[in-house]
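Undergrad: Okay, predicted coordinates and the sequence, questions at the end:
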Amino acid sequence: MERLSEKLWSWASEIDDGTIRQAERTARLAIVFDHVALMPDAHLGIGATVGSVIPTENAIIPSAVGVDIGCGMIAARINRGASELPDDLGAILTGIEGAVPAGVGKGHDDGSPGAGDWLAAHRPATGLDTKQAAKAAAQFGTLGSGNHFVELCLDEEDRIWLVLHSGSRGIGNQLAQRHIGRAKALAKEAGTPLDDPDLAWFTQGTADFDAYIADMLWAQDYAMANRQAMLHAASRVVLGALPSGSRIVEQVNCHHNFAAEEIHDGRRLWITRKGAVRARAGERGVIPGSMGTSSYVVSGLGSAASWQSSSHGAGRRMSRGEARRRFSAEDLGEAMAGKTWLADRAGSLVDEIPASYKDIDQVMADQADLVRVEHTLHQVLNYKGT
């Protein structure tokens with residue numbers, strides 16, 4: 001760990017000046033308590049840095065949580081090994097694609113299984129209009145685009161794991177955008193000096209703060225249930241291709257775009273993890289690499305300096321636009337050699353090529369004081385929204 005300044009501490013061995021300057025703008029905010037922690041995967045975001053942990057006192061920054069509220073990971077181990085998988089995984093990939101809609105705006109045309117029951121039992125405090133409720137129902141149990149994925153993996157003992165990455169879909173985005181806009185408007189009306197308007201915050205004890213927290217917590221619950229629903233749908237496909245008696249025997253479900261009220265050093269703080277996993281002592285998490293590389297199931301070491309947090313993944317090394325300019329579908333094909341994936345759609349997935357991300361093994365080495373690796377997962381099948 002390196003103290004870049006009194007209020008900015010970094011675990012990143014690879015980080016550019018622009019990312020550091022952005023994080024410094026956040027760290028200077030009057031509402032930030034003590035210091036901002038930059039994880040090894042830190043890179044430029046909108047307003048706040050992706051891969052940053054931001055402790056605030058009596059306030060919260062909606063855009064620091066981001067528009068994909070509750071985005072995170074779920075990993076589940078199946079009681080079978082690599083030798084029990086079919087030689088050709090193509091049918092499993094096709095089955096998962098049919099069970100889990102993926103991509104921008106995609107949802108279940110005939111209604112999402114389980115959505116009605118979940119939404120009836122979990123009504124957001126601020127309410128949803130008719131269109132929002134319909135979107136939340138249709139997209140329950142669906143995958144986003146970009147770096148969201150479903151993977152079939154093998155661990156160090158060749159045991160089978162199913163791994164998913166997704167968040168709160170369109171409804172989380174809509175709720176976030178509404179509150180981010182409101183926070184910006186309030187800051188402008190009050191003449192609050194900000195280096196970046198996206199760093200506008202709500203103050204605890206106000207109606208706007210309460211409304212945002214209510215929607216944020218609801219969206220986080222939606223995202224976690226969304227992952228659980230996708231796991232159920234995808235596992236039915238995978239288990240159907242395995243011998244009778246196959247079942248899930250353990251799982252980990254964690255957020256990495258979220259905020260939570262926590263006690264640190266005896267102080268009640270809002271800890272916003274924008275691209276970071278909570279890593280309290282013994283708490284399990286999932287840290288994915290990029291497409292084609294390893295992922296990790298970890299347990300936290302409870303580092304006070306990082307606000308009990310770790311990285312959420314590899315972290316981008318370059319923008320999606322730059323990746324598309326630098327690399328081709330053929331380059332991605334070479335990187336994914338030996339794996340089952342949507343090779344016929346390689347052209348639309350080039351911006352996810354592993355070379356556009358940081359080295360996940362270096363990221364894990366950088367945070368050896370934050371987490372302990374329990375399992376290293378190597379993917380054999382990858383499904384993404386395009």
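TA: Looks like it arrived, so ask away.
Undergrad: in stretch 333-351, what's buried?
TA: 335-336, 339-342, 346, 349-351 (16 or more other CB atoms under 10 Å). Heads up, the C-betas are built off the backbone N, CA and C, glycines and all.
Undergrad: Secondary structure and distance to residue 286 added to the residues you listed, as CSV?
TA: Compiled in CSV, the buried residues of stretch 333-351 are given as follows (DSSP: H, G, I helix; E, B strand; the rest coil; distance: CB to CB, whole Å):
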residue, secondary structure, distance to residue 286
335, helix, 22
336, coil, 21
339, coil, 19
340, strand, 21
341, coil, 20
342, coil, 22
346, helix, 26
349, coil, 21
350, helix, 25
351, helix, 22
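Undergrad: Out of those residues, the closest to residue 276 would be?
TA: For the buried residues of stretch 333-351, the minimum distance to residue 276 (CB to CB) is 22.5 Å, reached by residue 351.
Undergrad: Where does pLDDT dip in this protein?
TA: Applying pLDDT under 70 to the chain picks out no residues at all.
Undergrad: In it, where's the longest helix?
TA: In the chain, with assignment by DSSP state H, the single longest helix is helix 207-240.
Undergrad: what's the following helix or strand past that one in contact with?
TA: Using DSSP states H and E, the helix or strand that directly follows helix 207-240 along the chain is strand 248-255. Strand 248-255 is contacted from outside by 70-79, 162, 220, 223-224, 227-228, 231, 235, 273, 277-278, 284-286, 297, using CB atoms under 8 Å, 6 or more residues apart in numbering.
Undergrad: Go through these and flag which are in strands.
TA: 72-79, 162, 273, 277-278, 284-286, 297 (DSSP state E).
Undergrad: For ChimeraX, write the selection for the buried entries among those residues.
TA: Listed next is the ChimeraX selection for buried residues among the ones in strands among the contacts of strand 248-255, using 16+ other CB under 10 Å:
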select :72,73,74,75,76,77,78,79,162,273,277,278,284,285,286,297
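Undergrad: so which of the ones in strands among the contacts of strand 248-255 comes closest to residue 172?
TA: residue 72 (11.5 Å).
Undergrad: I'd assumed residue 141 was in a strand, is it?
TA: No: in this structure, residue 141 is coil, not part of a strand, as judged by DSSP: H, G, I helix; E, B strand; the rest coil.
Undergrad: what residues are up against it?
TA: So residue 141 contacts 100, 108, 112-115, 226, 229-230, 232-233 (CB under 8 Å, 6+ apart).
Undergrad: Now with 6 Å, please.
TA: Going by CB atoms under 6 Å, 6 or more residues apart in numbering, residue 141 touches 112, 229-230, 233.
Undergrad: What about the spatially closest residue to it that is not a sequence neighbour, how many residues nearby?
TA: Distances taken as CB to CB, 6 or more residues apart in numbering put residue 229 closest to residue 141, at 3.5 Å, once the chain neighbours are dropped. Look at residue 229: counted by other CB atoms under 10 Å, it has 20 neighbours.
Undergrad: Now the two most distant members of the buried residues of stretch 333-351.
TA: Among the buried residues of stretch 333-351, 340 and 351 lie farthest apart (CB to CB), at 20.5 Å.
Undergrad: what about residue 357, distance to residue 68?
TA: From residue 357 over to residue 68 the distance is 18 Å, taken as CB to CB, to the nearest Å.
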